[in-house]
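In: sequence? don't have it. structure:
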C-alpha cells in the first residue's frame, strides 16, 4: 500500500434514549426515524464540518428487514437531509453490529481512503422481533453437534455458561439489581445528558364516544428500562425463562437460573458517531472526543456464545498496545448476568470501572444499535473521569466476542 496508516478521531457521539420493546415509548416509532434523529444530532455537534465531505454512513442492524430493511443506512442519510453524495451501507454482526460499524468506519480513515465517516446502529425490537419476521435455519446446522449452538435460543446458551462457570442464581440476581441501581443513580445525576438525543414521538388517542382521534406529541430523553422497584426479593420470585441445561446423558441438571430479571431487556434505540482524519481536525478546527484505538473479534463455541468477550478483549488490548489495568471505563454489554459474570471472573476485570452507569439488564439492548450506543456512553464517561482508555465489548449470537477501545485525547 502506498498510503500510510493514520489515526481516526471521534468528533461527535450521540444516541437516542432506549425504549422498552414491544410496548414501550418507541413502539410506534420507526427505527429509521430514530436513526435520522441521531444522525442529525451528531452532525449538529460539529457545525464547522462541511457535511458534503462525509463519504459514507456505516450502520449496524441485527435484523435488517421490515421497517429497518432496504438499506436503512442510505435511507436515513437522505431523510436526515445530508447531501445525496453521502453513501450508506447496512451491516450485521448481531449484537456487535454497532461497534463493528464504528471499527469499519475508522478503518476507512486509518488506511487513507476516507476523511469523514458516519458510524452507528439502529434497532426496533418492537417492530422487528428477535430472529426476524421469518426465521429459517439451514437444516444442515443440525447435521453436527458442534453446530447445534447456532440454533439455540440465546437464553439456553446463558444457561450453559452459568452451568459451566458455576454462576449461581443469587450471583446473577445481585448483578441485575446492581445494574438497575447504577442506571437509576446515573439518570438522577444527569450522567447521560451529554450523549442523549431527545426524540419527539407522536401518539394518537381515541376520543371517547367519537370515531375521531387526538394527536399528541411529546419529547423523551430518559431511558425507559431502569426500574426503581427492583429488589432481590422480587428478582428471586421470577421463574427461569429457559429450559434447564442437560448432562451428557440428556437428563436435566436441575432448575435453570436465567430469568427475565437477570437478562437484557428487548429494546428500541439508535446511536451515531462521526469519525474524521487528523487532516479534517486541523482543517475545520475540530476538538476530538476520542481516538479510535483498536478493535478485535474472535469466535467461540456457539453453545457458550456469552463467553465471547473473554477472547476478544485480550486481542483488542494487544492491538491497542495497552494493558487491562489501563482501562478506566469498561462497557461490558449485559446480554445476561451469567455470561457477564463469567467474563468478569475469568479475566479479572476491574468492577470499579465496569458498567459504571448500569448495563443492558437495566438500560436495554437494542441489538444492532447497542455497540454504537455504548460507545457514546464510554467516550463521554471516560472524559468525565479523565480516564485514558475506555472499552466497549459484547458477546454475539452464533458464538463470537467483540471489543473496541477508545483513547481519551
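Out: Sure, I can see it. Here the structure is a predicted model, which is why all the values come from computation and not from measurement.
In: what bits of the chain have low per-residue confidence?
Out: Scanning the chain with the threshold set as pLDDT under 70 gives 1-4, 145-149, 151-152, 244-248, 250, 252-254.
In: residue boundaries of the helices in it?
Out: 31-44, 72-79, 97-110, 154-164, 169-188, 232-237, 278-283, 309-320, 337-347, 360-363, 370-385 (DSSP state H).
In: and these, which is most packed in?
Out: Most buried of the helices of the chain by mean neighbour count (mean count of other CB atoms under 10 Å) is helix 360-363; its value is a mean of 30. In this view, the C-beta of every residue, glycine as well, is placed from N, C-alpha and C.
In: helices and strands around it, which ones?
Out: With contacts defined as 3 or more CB pairs under 8 Å, 6 or more residues apart in numbering; DSSP states H and E, the packing partners of helix 360-363 are helix 169-188.
In: angle of the helix it packs on against helix 154-164?
Out: Counting by axes from the mean of the first three to the mean of the last three CA atoms, to 10 degrees, helix 169-188 lies at 120 degrees to helix 154-164.
In: Just want the angle from helix 169-188 to helix 370-385.
Out: Between the axis of helix 169-188 and that of helix 370-385 there is an angle of 60 degrees, by the same axes, to 10 degrees.
In: where's stretch 363-378 relative to the chain centroid, distance-wise?
Out: 3 Å (CA atoms, centre = their mean, to the nearest Å).
In: what residues are up against the closest residue to residue 80 other than its chain neighbours?
Out: Spatially, and ignoring its direct neighbours in sequence, residue 80 is nearest to residue 39 (4.2 Å; CB to CB, 6 or more residues apart in numbering). Contacts for residue 39 (CB atoms under 8 Å, 6 or more residues apart in numbering) come out as 57, 76, 77, 80, 82, 118, 120, 272.
In: Mind checking the helices of the chain for the one nearest to residue 256?
Out: Taking CB to CB as the criterion, residue 256 comes closest to helix 154-164 out of the helices of the chain, the separation being 5.1 Å.
In: Measure how buried residue 150 is and give me the count.
Out: 17 (other CB atoms under 10 Å).
In: thought it was touching residue 302?
Out: Yes - applying CB atoms under 8 Å, one finds residue 150 in contact with residue 302, separated by 4.7 Å.
In: Need the residues touching each of the two.
Out: In the contact map built from CB under 8 Å, 6+ apart, the residues linked to both residue 150 and residue 302 are 398, 399.
In: hang on, isn't residue 403 packed against residue 295?
Out: Yes - proximity of residue 403 to residue 295 meets the contact threshold set by CB under 8 Å, at 7.1 Å.
In: Settle it for me: which of those two has more neighbours?
Out: Using other CB under 10 Å, the more surrounded residue of residue 403 and residue 295 is residue 403, with 30 against 23.
In: residues contacting that one?
Out: Residue 403 makes contacts with 295, 296, 297, 309, 312, 313, 315, 316, 391, 392, 393, as judged by CB under 8 Å, 6+ apart.
In: Sort out which one of those residues lies nearest residue 210 for me.
Out: residue 392 (49.9 Å).
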